[in-house]
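# structure for this input, please:
(2 chains)
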Amino acid sequence: MKFWPLLWSSLKRRKARTVFTLLSILVAFVLFAYLAAIKVAFSAGVDVAGADRLLTTHKTSIIQPLPARYKDDIARVPGVALVTHASWFGGIYQDASKGFQGVFQAPIVPEEYLAMYPEFKVDDAQKRAWIEDRQGVLVGSTTAKRYGWKVGDRIPVQATFWRKKDGGKVWEFNIRGIYTGGTGTDTTQFLFHYDYFDEARQLGQGIVGWYIVKIGDTTKTAEIGKAIDALFANSPAETKTVTEKALAQGFADQVGNIGAIIQWILAAVFFTLLLVTANTIAQSVRERTSELAVLKTIGFSDGRTLALVLAESGLLAILGGGAGLILGWMAISAGDPTHGFLPFFYFPTKDIVLGVVIVLALGFVAGIVPALSAMRLSIVDALRRA
Amino acid sequence: MRWLAQVWAITTTAIRTIPQRRGASLATVVGIAGVVAVLVAVLSIGEGFRAALRSAGSPLNAMVLRSGSDSEMMSVLLGDAVEIIAQAPGIARGSVTPGEAAVPLTSGELFVVVDVPKKSTGTPANVPLRGVQPAAFATRPDVKITSGRKFEWGKNEVLVGEGARNQFRGLDVGSKMKWGQNEWTVVGIFEAGGALWESEIWTDARVLQPNYRRGNSFQTVVARLESPESFDTFKDALTKDPRLDVSVQRESEFFGNQGRTLQAVVRQLGFLLAVLMGIGAVFGALNTMYSAVAARTREVATLRAIGFGPGAVVVSVMVESMLLALAGGILGALGAWLFFDGYRTSTLNWDTFSQVTFAFDVTPALLVQGMTFALVLGLVGGLFPAIRAARLPVTAALREA
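Residues are numbered from 1 along each chain as shown, chains lettered A, B, ... in the order given. From the prediction side, this is the model:
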């Protein structure tokens, strides 16, 4: 560690350049963090989908409803541990520009739904209050924060499709609970009682959107899916059962190569930034050829010269890259840049690790060429050239 | 004049010596080119998407939906309502089948989605299936059949848009699909000048109704107006009619709003990226210009010593930086245009829950935006180094060099 002052003074040699290099590394890694989070957003939660959950939808399309009576039939299929259903609501809060249609709003069966999604954490008292209030709603913490809602608020939601029996368009809900969840849990949902919804809606009694099925043995996914679909084959509403992961993957594929293109573009920019930065670091070493020659003259060994130059570029990379990753992580944790259109937006651990590896690689690659030439430097030549 | 002559002399010297600083200058040009290319490419996604939606709407057409519904999929109009709407004033009349009497040009439509595998991935996607009535073709004169024929009314036959045929599997003339209880045959392909319809599959609404258990109900009505001005007459008549509960919009406005969510996402992401990358590129440019100034310390000091003013030095550094930025901007905009303009793809439109096929559209306005951005980067990147160059104390600089 006695070489700290030496390292420090070479970084201070051109303060402006050091600062700008640090900042451009920092920006590059903030960009890297966003790249990872955008990838997650476009893959629509494929990585966090429960492996033990299947979704049964209408065979023609998920927009086609299914009869509510399918539930008991599905429950009897061997291997099915739990079955519940959800439906699409798609209401508007305040006005369309508030983006509430983008929030997953669904009439569901409260106890069953929470048992199906144990990753939704909700306080016991709130849970009870929600179950007891027919007009109660359980809302995800992200959505609650976005609209500034708290427990006890009464929320009017304007229907776009589902009118009430009297032709009314406004459904009123009471916020009874706010659920939270760990990284990768969708905390944007707006969940209310199917019983209340089914009884109050103008038409469509006794239909549901889709079924969610929990299975005990995840190796039997395909068989159980086939057994469910066989129950309703050749009926007016045939079904298609896939894993939650496959459904999420299907949506990601529907969004299509737009996501992939944005990621490629970002990756290209990230590497361009690294290249430019590496070039700057290398250049700053080349400018100091004579100084390095002096160091060698006063007794620095070849290996030590190499280490010194590598340490300098490594230090720049770690300071800038580390700060960038931390800043990126903080910005991403604060919320997605579109304010709620992307329910899955986080910095995955494996990408944090990858980021750290790239930081180290940047320090090494940027430093190794000038470090090697510094090591091989012949003192006489270098001093004469200067 | 003397000042201009000074500026000219220093600037040309600065530019002539750029090749001596090749590495750093090139890094700046490449960095800025990358930033501009990305900005233009990302924004061209939004432009192309908007173009597909915008060209769908004609100011001569009015869309009628149930009040409160903001997309076709969420609307319901009963058969009676559709007939009442057809009798409203302001609707153009025409003959929809050759040789028959003129009727009001309105089409009651159903809008649903069917799962069709995407060619690129093989996984099912929500392809829009539109049930139409005979006047649909008179209200959308852009729709032209390019191969095969029109479907026969009353049969399980469909027409497929060019965009849908290219992006999804098994939609060529002659292929058959099973949706629900019935088999459907593709009998023709149509184009619509790049408009939204090209993403869709069309069939007879009356055939679709029983398949989707819709009874005698529709989702929307599109009406051809006598003239764009008769819109208000038409709208007033419908909204004042106590038998109806509808909202009326111009078709162009309606479709312009149908891609809000995706456009907002693309715009916000694009903006965020541009800011981040712009910051990165400015640092790159600053580094380059600082080292350019450092390399020219002796030269600048000599010029100052023989009487050149600080203003001329500032201008020369700024011009060099702007030129590098301009080169980067041109390179980046050109690259984005070459690689992305006209690239066709499809995506899920979150507002309609169905697929839209569209082409990336690198518009001249986007190119100008990209170049402007590059010049701003060059300006910022050059300013501080220029000031430093002008402030160099002459004697110290000459000694140092």
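
# which residues are in contact with the nearest residue to A:Ser43 once chain neighbours are set aside?
Ranked by Cβ to Cβ, 6 or more residues apart in numbering or on different chains and with sequence neighbours excluded, the top spatial neighbour of A:Ser43 is A:Ala252, at 4.8 Å. C-betas here are computed from N, CA, C, even on glycine. Contact partners of A:Ala252, counting by Cβ atoms under 8 Å, 6 or more residues apart in numbering or on different chains, are A:42-44, A:46, A:259.

# ok, B:Val221 next?
Contact analysis of B:Val221 by Cβ under 8 Å, 6+ apart lists B:63-64, B:77, B:82, B:85-86, B:106-109.

# which SS state does it fall under?
With DSSP: H, G, I helix; E, B strand; the rest coil as the basis, B:Val221 sits in strand.

# beta partners for it?
Note on B:Val221: beta-bridge partners B:Val64, B:Gly108, judged by DSSP bridges.

# which is the succeeding secondary structure element to the helix or strand where the residue nearest to A:Ser43 lies?
Using DSSP states H and E, A:Ala252 falls within helix A:244-255. Heading C-terminal from helix A:244-255, the first helix or strand you meet, by DSSP H and E, is helix A:257-286.

# once you drop chain neighbours, what's closest to residue 267?
Since you didn't name a chain, this refers to chain A. A:Leu35 (6.6 Å).

# oops, wrong one, chain B.
Distances taken as Cβ to Cβ, 6+ apart put B:Gly46 closest to B:Arg267, at 5.8 Å, once the chain neighbours are dropped.

# surely the one you found is in contact with B:Leu269?
No: taking contacts as Cβ atoms under 8 Å, B:Gly46 lies outside contact range of B:Leu269: 9.7 Å.

# show me which residues of the stretch 51-200 of chain A are close to chain B?
Neighbours of chain B within the stretch 51-200 of chain A, by Cβ under 8 Å from any Cβ of the partner chain: A:59-64, A:90, A:92, A:96, A:99, A:101-102, A:158-161, A:163, A:167, A:169.

# that older thread, part of a helix, is the residue nearest to B:Arg267?
Yes: B:Gly46 forms part of a helix when assessed by three-state DSSP.

# show me the contacts for it.
B:262-263, B:266-267, B:270.

# returning to that earlier point: between helix A:257-286 and the helix holding A:Ala252, find me the angle.
Put simply, helix A:244-255 runs at 80 degrees to helix A:257-286, going by axes from the mean of the first three to the mean of the last three Cα atoms, to 10 degrees.

# what's the single longest strand in chain A?
strand A:170-179 (DSSP state E).

# list the strands paired with it, with their directions.
Partners of strand A:170-179 in the sheet, by DSSP bridges, are strand A:136-140 (parallel), strand A:154-158 (antiparallel).

# deepest in the core, which of these is it.
strand A:136-140 (a mean of 25; mean count of other Cβ atoms under 10 Å in any protein chain shown).

# ok now the following helix or strand past that strand, how far from the chain's centre?
Using DSSP H and E, the helix or strand that follows strand A:136-140 towards the C-terminus is helix A:141-147. Helix A:141-147 sits 17 Å away from the centroid of its parent chain (Cα atoms, centre = their mean, to the nearest Å).

# okay, now B:Asn166: neighbour count?
Residues near B:Asn166, counting by other Cβ atoms under 10 Å in any protein chain shown, number 16.

# where's it, which helix or strand?
Assigned by DSSP H and E, B:Asn166 belongs to helix B:162-167.

# ok, now B:Val116?
strand B:106-117.

# quick one: the strands in the stretch 51-200 of chain B, in order.
Counting by DSSP state E, counting those that start in this stretch, the stretch 51-200 of chain B has strands at residues B:61-66, B:77-78, B:93-94, B:103-104, B:106-117, B:124-132, B:144-148, B:157-161, B:176-179, B:182-191.

# could you point out the longest helix of the chain?
Using chain A. helix A:302-333 (DSSP state H).

# that answer is for a different chain, and I need it for chain B
Determined from DSSP H, the single longest helix within chain B is helix B:260-295.

# what's the angle from it to helix A:302-333?
Interaxial angle of helix B:260-295 relative to helix A:302-333 (the same axes, to 10 degrees): 150 degrees.

# can you pull the buried residues of helix B:260-295?
Applying a neighbour-count criterion of 16 or more other Cβ atoms under 10 Å in any protein chain shown, one finds B:260-266, B:268-270, B:272-274, B:276-295 buried in helix B:260-295.

# what subset of these is also close to chain A?
Within the set of the buried residues of helix B:260-295, contact with chain A (Cβ under 8 Å from any Cβ) is found for B:260-261, B:264-265, B:268-269, B:272-273, B:276-277, B:279-280, B:283-284, B:286-287, B:290-291, B:294.

# just the element for B:Gly378, please.
Assigned by DSSP H and E, B:Gly378 belongs to helix B:364-391.

# B:Asp351 falls within a strand, correct?
No: going by three-state DSSP, the assignment for B:Asp351 is coil, not a strand.

# okay but it is in contact with B:Val265, surely?
No: assessed by Cβ under 8 Å, B:Asp351 is found out of contact with B:Val265, at 11.3 Å.

# which bits of the stretch 251-400 of chain B sit near chain A?
Going by Cβ under 8 Å from any Cβ, the residues of the stretch 251-400 of chain B near chain A are B:260-261, B:264-265, B:268-269, B:272-273, B:276-277, B:279-280, B:283-284, B:286-287, B:290-291, B:294, B:345-348, B:350-351, B:353, B:355.

# okay, the angle between the strand holding B:Val116 and strand B:124-132?
Here the directions of strand B:106-117 and strand B:124-132 differ by 160 degrees (the same axes, to 10 degrees).

# so where's the stretch 251-386 of chain A uncertain?
Within the stretch 251-386 of chain A, the stretches with pLDDT under 70 are A:337-341, A:385-386.

# can I get the strands paired with strand A:170-179 in JSON lines including mean pLDDT?
Below are the strands paired with strand A:170-179 laid out as JSON lines (pLDDT from 0 to 100):
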{"stretch": "strand A:136-140", "mean pLDDT": "95"}
{"stretch": "strand A:154-158", "mean pLDDT": "94"}
